[in-house]
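Peer 1: model this:
(one chain, ligands or ions: 1)
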Amino acid sequence: MEKILRVNMTDLTVKDEPFPDEWKFLGGRGLSAKILLKEVDPKCDPLGPGNKVILAPGVLSGSIAPTSGRMSVGAKSPLTGGIKEANSGGQAGQKLARLGYRALVVEGKAKDPAKRYLLVINKDGTALRERSDLKGLRTYAASEKLAGEFSGRAAFVLCGPAGELGLSGASVAFTDEGKRHPARHAARGGLGAALGVKGLKAVAVDDEGTQARLPKDMATFKSYVAKISKEYKAGAQLFQFGTSTTVPLANMMSTFPTRNRHEMQFEAADALDGAKLVANFATRGGGMHHCMTGCIVQCSNIINNAEGQYVTSALEFETIALCGSNCAIGDLDKVAQMDRLCDELGLDTIETGGAIGLAMDCGALSFGDADAAIALLDKVDKGDELAETVGRGVVAIGKRFKATRIPAIRGQGIPAWEPRTLNATGVTYASSAMGADHTAGLIVMPVADMAKASQESQLINALCDSSGFCQFQQPTIDDIRTLYNALYGANLSFEDCADLGWQCMVDEWEFNRRAGFGPEDNDLPEWMRTEAIPSNGAVFAAPKEEIMRVFERMPVSDDLRQMKAVG
Ligand code: SF4
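Peer 2: Numbers count the residues shown, from 1 in each chain. Below you'll find the model as predicted:
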C-alpha cells in the first residue's frame, strides 16, 4: 500500500496515512504543490508552525526506470514568500519510495527551539528521536556521525546550520551514492530554513529488506527502460562530464555573470572551464560518478585538491558562475572551497554567490578576493552579522547596503543563465511560480514565440520534476507517459500527461495568487530592461503582454511532442 508519512514537530507525533488513489500520477513537485495548496495558508509565516515542508519522491522513484530517484522538497518559501519546489539527487528519494512512501509531510514546529530531532524510517516502521547532540553540526560532520549508527544502506536528509538559523538562503542536503557525502542539495528558495526552524535536523532512510517497486505491466516497463537507456547511451550524452564544461559556451554567449552582472563575459573564463576539472582527474584522482543509484547520466564530478584529497562534489556550472566569475574569482580551487562551505552550512550556491557578488559591488569586500569570500562564508554559523546576511541571500544584502541594482526576481537571486541575453528564459523567470530558477524552463536557443517556448518548457519541466526523472536524463512526455501507464496499468494519453505538467503550474500559480502576488509581480527588475550588457548590447525586451500569454494554455504543438526536459 502506498502511504504518506506525516510528522508533527509540535506534538512530536508520526503517523502513516493511505495515499489517495486519485493522486497516483502526482509525485515530486506536482504532489508537493497539491498538498501545499490544500493544507497550507498561503499567507502564513514561512518560518512559523503553519508552514509545511513536503519531501516527495517522483512517481517513478523506487522503480527500475533510469535516473528517476529525485526527491522534491516543497514549502512556502522563506526567500520569495511564494510556493517553491527544489529537487535533488542523492539516495533518499529512491529509498523512501521503495519503503512505500509517496510523501513525507513535516508540519508544526518544535516547542523547545533548543532541541533537535532525527526521524528514522525503515521497513520496521518510523521513529522520531530527540538528537540535540546534532544541533549546529555542519552537514559533513552530521552525516559522518549518523553513518556510524546506521547500516550502509541508510541515506540521510540533513539541515545545515544555515537552515537551523532560519537563513533564507538555506538548502536541504541529501547524501549521495557511495561515501554518503551530503553533497546534493535541494538548494533554491530557502527551503532548508523552512525545515530547519521546525527542529528536524535529519532524516535517516534505510531501505534494507525492500525491493524495487513492481510495475503492473512489468514486460512493457522493462522493455521501455531498456529502450531509453540504450538510446541515451547511443546519444550525445551532453552531461557526461558534468555541467561545469558549459563555461566556455556560456562565456561566449554572454551569459556568464561577472562582477555582479555588470558584465556577462569574464576575462579569466578559461581558468574556470570545467574541462580543467576533468583533466585534473588524471593527477588528483576524483572523477565522474552518479549521485544516486540507477542514474545512467553520471554528471556528478568528484573534486580533489592538488594533494589528492576530496574537497567537494559536484562542482556545477551555476556554482562556478555565481561564486566564481560573478565575484571575479578566477580560480577553480577557491570556488571548490566555497562550494564545500556552502554544502557544509546548507546554503544555496546560486543565492550565496549572488549575495557575495552584490556585497563586493557595494564595497563590503573586493571583487576577486577569494580568501575574504571564503573567510566570510566560514563565519555564517559563528554569529557574524554580515555573514548571516549573506546567508539570507541577495535581497537581504541589497537591503543592508541600500543597493538599487539588485540581481533578484521576486526575492530570489538570478541564476547564471542571463535573461537579458536569453529573453525567453527571462519570460520563464517572470512567469514561473518558481521565479528566477533556470530549472523551471531554460531556453538557450533563439525562438520566434517566447511565450509559447516558455510555457512548453515550463510544462515539460514541471512534469519531469514530478516524475522523479533528473532533467539531465532529458525525458520526453511520451517517455514519462509510457512508463506511468506500465507502472499502473493505465492508459494515459499524451494530452493527459501534458495536463499533469500544466496542472502543477496552475496549482503553484494559485498558491501565489492566494499569497498576494498579482500580475504586477510577473516581471524582471526595471534595470534589466535599461542596462545593456557591454559585450552584446542586450537588454530584457520581452513585452509584458508576452509574459502574460504564458498564463493562457496553448494547444499541444508538434514542438511539445518532440521536446525533452532540460535543466
Ligand atoms: S544526472 Fe547528475 S544530477 Fe542527475 S541524478 Fe545523475 S548524477 Fe545526479
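
Peer 1: starting at the chain centroid, how far to stretch 428-436?
Peer 2: Relative to the mean C-alpha coordinate of its chain, stretch 428-436 is positioned 14 Å out (C-alpha atoms, centre = their mean, to the nearest Å).

Peer 1: With just CA atoms, put it into CSV.
Peer 2: The C-alpha trace of stretch 428-436 is given here as CSV (Å, rounded to 0.1, in the frame of the first residue of the first chain):
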residue,chain,number,x,y,z
THR,A,428,10.2,31.9,-17.7
TYR,A,429,11.8,33.8,-14.7
ALA,A,430,9.0,36.4,-14.9
SER,A,431,6.1,34.0,-15.2
SER,A,432,7.0,30.8,-13.3
ALA,A,433,5.9,30.5,-9.7
MET,A,434,9.5,29.2,-9.2
GLY,A,435,10.7,32.7,-10.1
ALA,A,436,14.4,33.1,-11.1
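
Peer 1: all numbers from here: first residue = 249
Peer 2: Taking 249 as the first residue, the last one we looked at is stretch 676-684.

Peer 1: Quick check, pLDDT for the residue in the stretch 549-698 of the chain positioned nearest to the ligand.
Peer 2: Distance from the ligand to each residue of the stretch 549-698 of the chain (C-beta to the nearest ligand atom) is smallest for A562, at 7.0 Å. Every residue, glycine included, has its C-beta placed from N, CA and C. Confidence at A562, expressed as pLDDT, is 94.

Peer 1: which residues sit in contact with the residue lying closest to it once chain neighbours are set aside?
Peer 2: The shortest distance from A562 to any residue other than its chain neighbours is 4.0 Å, reached at S548 (C-beta to C-beta, 6 or more residues apart in numbering). Neighbouring residues of S548 by C-beta atoms under 8 Å, 6 or more residues apart in numbering: 337, 424, 431-432, 490, 536-539, 561-562.

Peer 1: Could you list which of these belong to strands?
Peer 2: Mapping those onto strands (DSSP state E) picks out 432, 536-537, 561.

Peer 1: circling back to that earlier point, the contacts of S548: which two are farthest apart?
Peer 2: Taking C-beta to C-beta as the measure, the contacts of S548 span a maximum distance of 14.7 Å, between R432 and M536.

Peer 1: Settle it for me: which of those two has more neighbours?
Peer 2: More neighbours surround R432 than the other of R432 and M536, with 28 against 19 (other C-beta atoms under 10 Å).

Peer 1: pretty sure that one contacts H538?
Peer 2: No - R432 lies out of contact with H538 (C-beta atoms under 8 Å); the separation is 10.8 Å.

Peer 1: Tell me the residues that contact both of the two, please.
Peer 2: Residues touching both R432 and H538 (C-beta under 8 Å, 6+ apart) are 337, 548.

Peer 1: Walk me through which strands whatever helix or strand F404 lives in pairs with, and which way each runs.
Peer 2: According to DSSP states H and E, F404 maps onto strand 403-407. Applying DSSP bridges, strand 403-407 is found paired with strand 420-422 (antiparallel), strand 448-453 (antiparallel).

Peer 1: The shortest one and the ligand in contact?
Peer 2: No - for a cut-off given as C-beta under 6 Å from any ligand atom, strand 420-422 has no contacts with the ligand; the smallest distance is 10.1 Å.

Peer 1: Contacts for that strand, please.
Peer 2: Applying C-beta under 8 Å, 6+ apart, the external contacts of strand 420-422 come out as 319, 321, 334, 336-341, 387, 403-408, 411, 430-434, 439-440, 443, 591, 594.

Peer 1: State the mean pLDDT of that strand.
Peer 2: For strand 420-422, mean pLDDT rounds to 98.

Peer 1: ok, D587 - contacts?
Peer 2: Taking C-beta under 8 Å, 6+ apart as the contact definition, D587 lies against 551, 559-560, 563, 567, 571, 597.

Peer 1: Of those, which is the most crowded?
Peer 2: Highest neighbour count within the contacts of D587: C571, with 31 neighbours (other C-beta under 10 Å).

Peer 1: what about that one, which SS state?
Peer 2: Three-state call for C571 (DSSP: H, G, I helix; E, B strand; the rest coil): helix.

Peer 1: hang on, it packs against A584?
Peer 2: No - with contact defined as C-beta under 8 Å, C571 does not count as touching A584 (9.3 Å).

Peer 1: what does the stretch 249-398 of the chain put close to the ligand?
Peer 2: With C-beta under 6 Å from any ligand atom as the criterion, the stretch 249-398 of the chain comes near the ligand at residues 315, 337.

Peer 1: What segments of the stretch 249-398 of the chain are helices?
Peer 2: Along the stretch 249-398 of the chain, the stretches classed as helices by DSSP state H, counting those that start in this stretch are 276-287, 340-346, 387-395.

Peer 1: G631 is nearest to which of the ones you listed?
Peer 2: Comparing the helices of the stretch 249-398 of the chain against G631 with C-beta to C-beta, the closest turns out to be helix 387-395 (18.6 Å).

Peer 1: Only the C-alpha atoms, please, for stretch 805-815, written as PDB.
Peer 2: Output of stretch 805-815 as PDB, limited to C-alpha atoms (Å, rounded to 0.1, in the frame of the first residue of the first chain):
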ATOM      1  CA  SER A 805       2.100  21.600 -30.500                       C
ATOM      2  CA  ASP A 806       4.400  19.400 -32.500                       C
ATOM      3  CA  ASP A 807       7.300  21.100 -30.700                       C
ATOM      4  CA  LEU A 808       5.900  19.900 -27.400                       C
ATOM      5  CA  ARG A 809       5.600  16.400 -28.700                       C
ATOM      6  CA  GLN A 810       9.300  16.300 -29.600                       C
ATOM      7  CA  MET A 811      10.500  18.300 -26.600                       C
ATOM      8  CA  LYS A 812      12.900  17.000 -24.000                       C
ATOM      9  CA  ALA A 813      13.100  18.300 -20.400                       C
ATOM     10  CA  VAL A 814      16.300  20.300 -19.800                       C
ATOM     11  CA  GLY A 815      17.900  21.800 -16.800                       C
END
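
Peer 1: which other residues reach that stretch?
Peer 2: For stretch 805-815, the surrounding residues in contact (C-beta under 8 Å, 6+ apart) are 686-687, 690, 700-701, 704-705, 707-709, 711-712, 717-726, 742, 746.

Peer 1: Of those residues, which qualify as buried by neighbour count?
Peer 2: Neighbour counting by 16 or more other C-beta atoms under 10 Å classes 686-687, 690, 700-701, 704-705, 707-709, 711-712, 717-725, 746 among the contacts of stretch 805-815 as buried.

Peer 1: check these against the ligand, which are close?
Peer 2: Among those, the ligand is touched by 718, 720 when using C-beta under 6 Å from any ligand atom.

Peer 1: Return the subset of the buried ones among the contacts of stretch 805-815 lying in strands.
Peer 2: Short answer: the buried ones among the contacts of stretch 805-815 have none in strands (DSSP E).

Peer 1: Tell me the gap between the top helix by length along the chain and the middle of its chain.
Peer 2: Longest helix in the chain, counting residues (DSSP state H): helix 742-763. Helix 742-763 sits 19 Å away from the centroid of its parent chain (C-alpha atoms, centre = their mean).

Peer 1: what's the following helix or strand after it?
Peer 2: Once helix 742-763 ends, the next helix or strand along the chain (criterion: DSSP H and E) is helix 775-778.

Peer 1: Done for today, thanks.
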